[in-house]
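[1] This is a predicted model, with the sequence first.
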Amino acid sequence: MDPIKKVPTGSVALFEQFSRVAHGYPADNVMDAALNVIVNVLRQTHDTRDKAGLSYDEFTTKAKSHLMECYDSTGRKKGVYPYHQIIHVPFSDLRDT
């Protein structure tokens with residue numbers, strides 16, 4: 001199932017806004033910005049490092065699960081997600097150098 005369909009409507013709207021704002025930025029910039037949003041939300045939500053750490057662990061487990069659902073049993077990326085969920089970034093060479 002499409003991961004974006006598993007979240008509340010407000011989350012979908014926010015994702016769509018973030019996607020529009022991120023349009024055209026390099027992938028590294030988009031990931032850094034998203035990480036900063038996550039870190040700030042956790043920092044502002046939890047009053048102790050332990051609580052924040054547990055919440056972060058839960059988040060990363062969920063994120064990895066959603067990510068792995070995007071690949072088939074051979075390890076290849078599935079092509080089943082709607083076009084509107086793509087964040088467009090300029091071409092860049094993501095191979096290890």
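    Cool, got the structure.

[2] Now for Tyr71, how many residues are close by?
    11 (other CB atoms under 10 Å). Bear in mind the C-beta positions are built from the backbone N, C-alpha and C, glycine included.

[3] Let's see the pLDDT reported for it.
    Predicted confidence (pLDDT) at Tyr71: the value is 87.

[4] likewise Leu67?
    pLDDT at Leu67 comes out at 88.

[5] For it, pull up the helix or strand it's in.
    helix 49-68 (DSSP states H and E).

[6] Restricting to C-alpha, output that helix in CSV.
    Output of helix 49-68 as CSV, limited to C-alpha atoms (Å, rounded to 0.1, in the frame of the first residue of the first chain):
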residue,chain,number,x,y,z
ARG,A,49,16.6,13.2,26.2
ASP,A,50,15.4,9.7,26.9
LYS,A,51,11.8,10.4,25.7
ALA,A,52,13.1,12.2,22.6
GLY,A,53,15.5,9.3,21.9
LEU,A,54,12.7,6.7,22.2
SER,A,55,10.4,8.8,20.0
TYR,A,56,13.2,9.1,17.4
ASP,A,57,13.8,5.4,17.4
GLU,A,58,10.1,4.8,16.8
PHE,A,59,10.1,7.3,14.0
THR,A,60,13.2,5.8,12.3
THR,A,61,11.7,2.3,12.5
LYS,A,62,8.5,3.5,10.9
ALA,A,63,10.4,5.5,8.3
LYS,A,64,12.6,2.5,7.3
SER,A,65,9.5,0.3,7.1
HIS,A,66,7.8,2.8,4.7
LEU,A,67,11.0,3.1,2.7
MET,A,68,11.4,-0.7,2.3
